[in-house]
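> Let's see this in three dimensions:
(one chain, ligands or ions: 1)
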Amino acid sequence: MTDSTAKSDWWRSAVIYQIYPRSFADSNGDGLGDLPGISARLPQLSELLIDAVWLSPFYTSPQRDAGYDVADYCDVDPVFGTLDDFDYLVAEAKRLDLRVIIDLVPNHTSSDHVWFRDAVAAGPGSPERSHYLFRDGRGVDGTEPPNNWQSVFGGPAWTRLTGPDGTPEQWYLHLFDVSQPDLDWTDPWVHEQFHDILRFWLRRGVDGFRVDVAHGLVKKVGLPDYSPPADDDSASMTAPGDVPYWAQPGVHKIYREWHSVLAEFGPDRILCAEAWVEPLSKLADWVRPDEMQQAFNFRFLEAPWSAPAIRDAIADSIEAFDTVGAAPTWVLSNHDVVRHASRLGMNPPPPQGVGIGRGTEPKPDAALGLRRARAETLLMLALPGGAYLYQGEELGLPEDTELADSARQDPAFYRTHGAVYGRDGCRVPIPWEADAPGFGFSPTGKSWLPQPAEWARFARDRQEAEPNGTLRMYRDAIALRRDLKLGSGAVEWLTGYADDIVAFRNGAVTIISNVGETRVALPAGTIVQSSEPLSGRELPPNVTAWLA
Ligand code: ISL
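Next up is the predicted model:
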């Protein structure tokens, strides 16, 4: 065990790598990544010196929302493998000193889940229906939805059932796709099911759970109408004020219960909230001592390329998490957002969830985006707290901005009739070997989303060979972060720099990011930088350096 994985509070400073199973490594050649593919690549991944991996869903699912529509929480979908494959993956991870976090999707199930099928069959007023949010419609004959809520993926958040004889029936709530009915967390039965699900996976050796839509489970009593502010985009999850389906106070009881369930398995199992909650002082409620251990910090991810915005995001995050004794987390990319190597090459980037496609103009400036992405990653890896990486970012992978509409799979694209491109561009299978079929993703070269031909240069084997490549920077920075204990350090802001410079000390290391447009003089002693080696004692624009 390494220092940081052995400790019971390992997560406070951990580097956690997100694996998106369908796009990581495909062992059987069907074009969709799988668990044996992940196990086979784990030794290579562990060379990055990460502490843990987080796996996006691999459960039984009709895959209407890439597995975030779960039809059986306690089994593996055959397209990803079997429970034995999962056990082998966990064993292999332990052998490599890697912890394993899995995704839990408690806001909604798939409409294929037996709980929902039974609820539909049992009819109005039945105990089975009380597990979900079924309601009668409004208006004459109930033809209007029970309220005016809109789905995050576009269109109404309610769908009306039709009885076996063709008669229109009750409506059910789905904050996401029509195939993702929301559970009713006022029902104690739902609580019990999820306690069992947590224990099922904890017994199999998982170290924790990333909790999907952790701010959405409880809805305001009476399900009142709500109209988001006019300038809100459809995918926004952080509308200000009291939104009757986000961040309702009742969610915290659920996480206190889960905290106790995890504690049955020792002090080192964790919950990490995916909660799009603002301001940060409110997000801190999710990480109070008796709730979750971590919450994703989307304020940092959403900060534009501006030194004051980045500084404020860092300072506000540290302060907010500190008030409840929690460590902040940092993240720049995941499977729902435009990859930061492309996002930072656009001004402004598209709103979250909207994505980039063939019709987007102007396209990201790829070289600028990558340069800034490397600079911001190096800055992030110097911060105290936990850091999350998304597969492919260590290769410098950009968003695929040229996916054909016909190849797209994100329900957001279809529910908005193409008005929103959605998230497929960050989900394209990653390249391992430049000259192999499918860049080594799949032995047959098949790929569920097509890989751009020019991705050969991002392939891991090419990156390995590049002394100033992105992969080398990640590896060096993570190793130094660990040796210098930056993850458990503290930020001490440095004064005397221009406003467009982010400059701070963490322990023995000085970190300087040039977010401006002119070169800046550097003090002595570089240990790692986000660009080609520096010439002279000056830091060019869009570069970060660590000095000691
Ligand atoms: O990307 C978005 C909309 O297109 C986000 O608003 C996203 O839906 C939100 O971050 C919640 O995400 C999580 O739950 C969704 C799933 O589609 C995402 O992949 C998951 O990360 C529904 O389960």
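
> okay, now L223: neighbour count?
Other residues within reach of L223, judged by other CB atoms under 10 Å, total 16. For glycine as for every other residue, the C-beta is placed from the backbone atoms N, C-alpha and C.

> N147 is in contact with that one, correct?
Yes - shown here, L223 and N147 form a contact pair, counting by CB atoms under 8 Å, at 5.2 Å.

> how far away is the residue lying closest to T518 once chain neighbours are set aside from A503?
Spatial nearest neighbour of T518, chain neighbours left out: P541 (6.8 Å); criterion: CB to CB, 6 or more residues apart in numbering. To A503, P541 is 15 Å away according to CB to CB, to the nearest Å.

> what residue lies at the spatial centre of the chain?
In the chain, the C-alpha nearest the mean C-alpha coordinate belongs to N334, at 4.2 Å (CA atoms, centre = their mean).

> A strand includes that one, no?
No - under DSSP: H, G, I helix; E, B strand; the rest coil, N334 falls outside any strand and is assigned coil.

> list the contacts for it?
Q18, F296, Y388, Y390, C426 (CB atoms under 8 Å, 6 or more residues apart in numbering).

> now with 6 Å?
N334 makes contacts with Y390, as judged by CB atoms under 6 Å, 6 or more residues apart in numbering.

> Then D9?
Going by CB under 6 Å, 6+ apart, the list of residues near D9 is empty.

> For L161, see how far away it is.
For D9 relative to L161 (CB to CB), the value is 47 Å.

> pLDDT weak spots in the stretch 151-300 of the chain?
Under the criterion pLDDT under 70, the flagged ranges of the stretch 151-300 of the chain are 231-240.

> and if we set it to 50?
Along the stretch 151-300 of the chain, segments meeting pLDDT under 50 span 234-235.

> could you pull out the strands for it?
With DSSP state E, counting those that start in this stretch as the criterion, the stretch 151-300 of the chain has strands at 158-162, 168-173, 208-211, 270-273, 294-295.

> closest one to the ligand among these?
Smallest distance to the ligand across those (CB to the nearest ligand atom): 8.7 Å, for strand 208-211.

> The closest one pairs with which strands?
Applying DSSP bridges, strand 208-211 is found paired with strand 99-104 (parallel), strand 270-273 (parallel).

> Let me know which of the ones you listed is tucked in deepest.
Sort those by mean neighbour count, taking mean count of other CB atoms under 10 Å, and strand 270-273 sits at the top with a mean of 25.

> Alpha carbons only: can I get that one in PDB?
C-alpha atoms of strand 270-273 as PDB (Å, rounded to 0.1, in the frame of the first residue of the first chain):
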ATOM      1  CA  ILE A 270     -16.500   6.900   0.700                       C
ATOM      2  CA  LEU A 271     -19.400   8.600  -0.900                       C
ATOM      3  CA  CYS A 272     -18.800  11.300  -3.500                       C
ATOM      4  CA  ALA A 273     -21.700  13.600  -4.500                       C
END
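
> which other residues reach it?
W11, G208, F209, R210, V211, A214, W286, M292, Q293, Q294, A295.

> Which SSE is immediately downstream of the worst-scoring helix or strand of the chain on mean pLDDT?
None of the helices or strands of the chain scores lower by mean pLDDT, DSSP states H and E than helix 3-6, at a mean of 62. Next helix or strand after helix 3-6 toward the C-terminus (DSSP states H and E): strand 15-19.

> in that next one, what counts as buried?
Neighbour-count burial for strand 15-19, counted by 16 or more other CB atoms under 10 Å, picks out V15, I16, Y17, Q18, I19.

> Mind picking the one among those residues that's closest to the ligand?
Looking across the buried residues of strand 15-19 and measuring by CB to the nearest ligand atom, the closest to the ligand is Q18, at 10.2 Å.

> looking at it, that closest one is touching A52, isn't it?
No - counting by CB atoms under 6 Å, Q18 does not reach A52; the two are 10.0 Å apart.

> Report the beta-bridge partners for the residue lying closest to G525 once chain neighbours are set aside.
Nearest residue to G525 in three dimensions, chain neighbours excluded: L547, at 4.8 Å (CB to CB, 6+ apart). Residues in a beta bridge with L547, per DSSP bridges, are T510, T526.

> Also L183?
Y132.

> Spell out which parts of the stretch 351-500 of the chain neighbour the ligand.
The stretch 351-500 of the chain comes close to the ligand at residues G353, A412, G422, R423, as judged by CB under 6 Å from any ligand atom.

> Which single residue of the stretch 301-450 of the chain approaches the ligand most closely?
Closest point on the stretch 301-450 of the chain to the ligand, by CB to the nearest ligand atom, is G353, at 3.0 Å.

> How many residues are close by that residue?
The burial count for G353: 23, using other CB under 10 Å.

> what about it, which SS state?
coil.

> give me every residue that touches V277.
If you count contacts by CB under 6 Å, 6+ apart, then V277 has H215, A247, L283 around it.

> Can you add distance to the ligand and neighbour count and give the residues you listed back as a markdown table?
As requested, those are exported to a markdown table (distance: CB to the nearest ligand atom, whole Å; neighbours: other CB atoms under 10 Å):
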| residue | distance to the ligand | neighbour count |
| --- | --- | --- |
| H215 | 10 | 25 |
| A247 | 13 | 23 |
| L283 | 14 | 25 |
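
> does the residue of the stretch 51-200 of the chain found nearest the ligand count as helix, strand or coil?
Per CB to the nearest ligand atom, the residue of the stretch 51-200 of the chain with the smallest distance to the ligand is Y68, at 3.4 Å. Using three-state DSSP, the structure places Y68 in coil.
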